[in-house]
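Asks: Let me see the structure of the following:
(one chain, ligands or ions: 1)
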Amino acid sequence: MASPVGKKLTGLVAATFTPLTPEGEINLPVIGLYIDYLLEHQGVRNVFVNGTTGEGMSLSVEERKKLAEEWCGKGKGKLEQVIVHVGCMSLKDSQDLARHAAEAGADGIAAVSPSVFKPSDAGVLRQFLQEVAAAAPDLPFYYYHIPALTGVSLLARDVLDGIEKQIPSFRGLKFSGGDLLDFGQCVSYCPSDWSVLYGVDEQLLAGLAMGANGAVGSTYNYLGSRARSLLTAFETGDLTQARTLQFQVQDVISYAVKLGFDVAVNKRLMSEVSGLDLGPPSAPEALPPPPGRLHRAEAPRGRPAGPVPCQNPKRDG
Ligand SMILES: CC(=O)N[C@@H]([C@@H](O)[C@H](O)[C@H](O)CO)[C@@H](O)CC(=O)C(=O)O
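Replies: I've put the predicted structure just below:
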């Protein structure tokens with residue numbers, strides 16, 4: 001079992017999609033191929049499973065367990081870190097998933113805030129996170145901050161206040177929001193052995209400038225290679241190149257936004273770029289656009305028509 005003082009989580013982390021059959025059942029055999037694709041074509045060695053992109057909140061606890069087992073089992077010896085998201089509306093389900101992730105061999109767990117009955121203040125949320133983390137005390141624990149989806153408008157910095165005293169296994173957070181004041185305050189609060197991971201892929205460079213140790217995001221599934229180059233350019237001080245690469249990522253994302261960028265469109269984009277059959281989104285997403293649309297529809301304004309500028313092993317070898 002991994003120790004909470006295990007390797008610091010840095011670099012890119014792909015927030016994985018959940019492969020489904022056309023009937024909506026989880027499609028476990030795709031996961032081994034998915035891992036090979038991330039490693040071989042995107043150079044991404046860390047994954048965040050059952051999060052927003054993975055539609056974790058729309059899956060049953062049993063489905064989430066099977067997915068966690070498959071990612072941990074097939075990723076063993078290949079991936080660097082498998083972080084399993086265990087957040088649920090129910091504390092008991094979250095604890096059950098946390099215990100299960102530890103048994104399955106995860107390298108860390110993360111949890112979002114409950115979002116129907118929302119915590120009234122940061123202390124209440126910290127208490128919830130503490131009770132989840134305590135179910136798997138030997139695993140590094142991360143807070144997953146995504147206010148636009150949870151509707152929980154607490155500052156992440158307030159959630160962090162004194163959290164190390166309540167959660168000895170606490171090792172950082174995934175910050176999926178655009179408030180760079182709050183993000184900077186988190187960076188400044190966190191000790192150097194914690195990981196502060198930024199989660200808005202179109203603004204990664206801003207997150208890095210503010211001190212992010214890495215990034216978790218959906219687009220690193222198919223733009224991972226480009227985003228890695230961005231990280232390298234930033235680390236070597238080549239801001240011009242880093243900005244150019246960020247603009248390219250932004251072009252793809254704003255193109256997808258015009259197609260109604262949601263999990264359905266995002267998943268379809270990943271299927272088309274990777275050649276993996278990830279299937280439909282989980283209900284109740286809108287139906288995805290017809291196959292091929294994402295590659296053949298008009299290009300972003302001012303750019304030549306053609307496929308989105310991603311590496312495509314099916315076409316590019
Ligand atoms: C709202 C949302 O899904 N945000 C994504 C981003 O990667 C996002 O897709 C990207 O920045 C494009 O907007 C991640 O922050 C979410 C994530 O990492 C996850 O799936 O757990």
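Asks: now the strands for the stretch 151-300 of the chain?
Replies: Counting by DSSP state E, counting those that start in this stretch, the segments of the stretch 151-300 of the chain that form strands are 170-175, 195-198, 214-217.
Asks: Can you name the residues of this structure sitting close to the ligand?
Replies: Residues of the chain lying close to the ligand by C-beta under 6 Å from any ligand atom are 15, 48, 51-53, 149, 176, 199-202, 216-219, 253. From N, CA and C alone the C-beta is placed, and that goes for glycine too.
Asks: if we can go back for a sec, need the strands of the stretch 151-300 of the chain in a markdown table with mean pLDDT, can you?
Replies: Formatted as a markdown table, the entries for those read as follows, by pLDDT from 0 to 100:
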| stretch | mean pLDDT |
| --- | --- |
| strand 170-175 | 98 |
| strand 195-198 | 98 |
| strand 214-217 | 98 |
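Asks: Adding distance to residue 39 and mean neighbour count, write these out as JSON lines.
Replies: Converted to JSON lines, the strands of the stretch 151-300 of the chain look like this (distance: least, C-beta to C-beta, whole Å; neighbours: other C-beta atoms under 10 Å):
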{"stretch": "strand 170-175", "distance to residue 39": "21", "mean neighbour count": "26"}
{"stretch": "strand 195-198", "distance to residue 39": "20", "mean neighbour count": "26"}
{"stretch": "strand 214-217", "distance to residue 39": "17", "mean neighbour count": "27"}
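Asks: returning to what we had before: filter the residues of the chain next to the ligand down to the buried ones and hand me the PyMOL line.
Replies: Buried residues among those (16 or more other C-beta atoms under 10 Å), as a PyMOL selection:
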select buried, resi 15+48+51+52+53+176+199+200+201+202+216+217+218+219+253
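Asks: can you give me the helices for the stretch 151-300 of the chain?
Replies: Under the criterion DSSP state H, counting those that start in this stretch, the stretch 151-300 of the chain contains helices at 156-160, 163-166, 180-189, 204-209, 224-235, 239-258, 263-274, 293-296.
Asks: Find the closest residue to the ligand in the protein.
Replies: Shortest the chain-to-the ligand distance, computed as C-beta to the nearest ligand atom: residue-wise this is residue 51, at 2.5 Å.
Asks: ok now do that residue, which residues does it touch?
Replies: Residue 51 makes contacts with 15-16, 85, 110, 144, 216, as judged by C-beta atoms under 8 Å, 6 or more residues apart in numbering.
Asks: Now the two most distant members of the residues you listed.
Replies: By the measure C-beta to C-beta, 16 and 144 form the most distant pair in those, at 14.2 Å.
Asks: follow-up on the earlier one: mind telling me which of the helices of the stretch 151-300 of the chain the model trusts least?
Replies: Between these, the one with the least mean pLDDT is helix 293-296; it has a mean of 47.
Asks: My guess is residue 133 contacts residue 164. True?
Replies: No. With contact defined as C-beta atoms under 8 Å, residue 133 does not reach residue 164; the gap is 11.3 Å.
Asks: Those two - which one has more neighbours?
Replies: Neighbours around residue 133 and residue 164, counted as other C-beta atoms under 10 Å, are more numerous at residue 133. The numbers are 29 against 15.
Asks: where does that one fall, phi/psi-wise?
Replies: According to degrees, to the nearest 10, the main-chain angles of residue 133 amount to phi -60, psi -30.
Asks: Local confidence estimate at the residue nearest to it when sequence neighbours are not counted?
Replies: The spatial neighbour of residue 133 that comes closest, neighbours along the chain excluded (C-beta to C-beta, 6 or more residues apart in numbering), is residue 141 at 4.1 Å. As summarised for this prediction, residue 141 has a pLDDT of 98.
Asks: check contacts around residue 141.
Replies: Contacts here follow C-beta under 8 Å, 6+ apart; on that basis residue 141 touches 4, 108-111, 129, 132-133, 167, 169-171.
Asks: Return the members of the residues you listed classed as buried.
Replies: With neighbours counted using 16+ other C-beta under 10 Å, those contain these buried positions: 4, 108-111, 129, 132-133, 167, 169-171.
Asks: CA atoms only: put stretch 271-282 into CSV for me.
Replies: Coordinates of the C-alpha atoms in stretch 271-282 are reproduced here as CSV (Å, rounded to 0.1, in the frame of the first residue of the first chain):
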residue,chain,number,x,y,z
SER,A,271,-12.5,8.8,-28.9
GLU,A,272,-11.8,10.4,-32.3
VAL,A,273,-8.3,11.5,-31.4
SER,A,274,-7.2,8.3,-29.7
GLY,A,275,-9.1,5.8,-31.7
LEU,A,276,-10.3,4.2,-28.4
ASP,A,277,-14.0,3.3,-28.2
LEU,A,278,-15.1,5.2,-25.1
GLY,A,279,-18.8,5.0,-25.9
PRO,A,280,-21.5,7.4,-24.9
PRO,A,281,-21.6,9.6,-21.9
SER,A,282,-23.5,8.4,-18.8
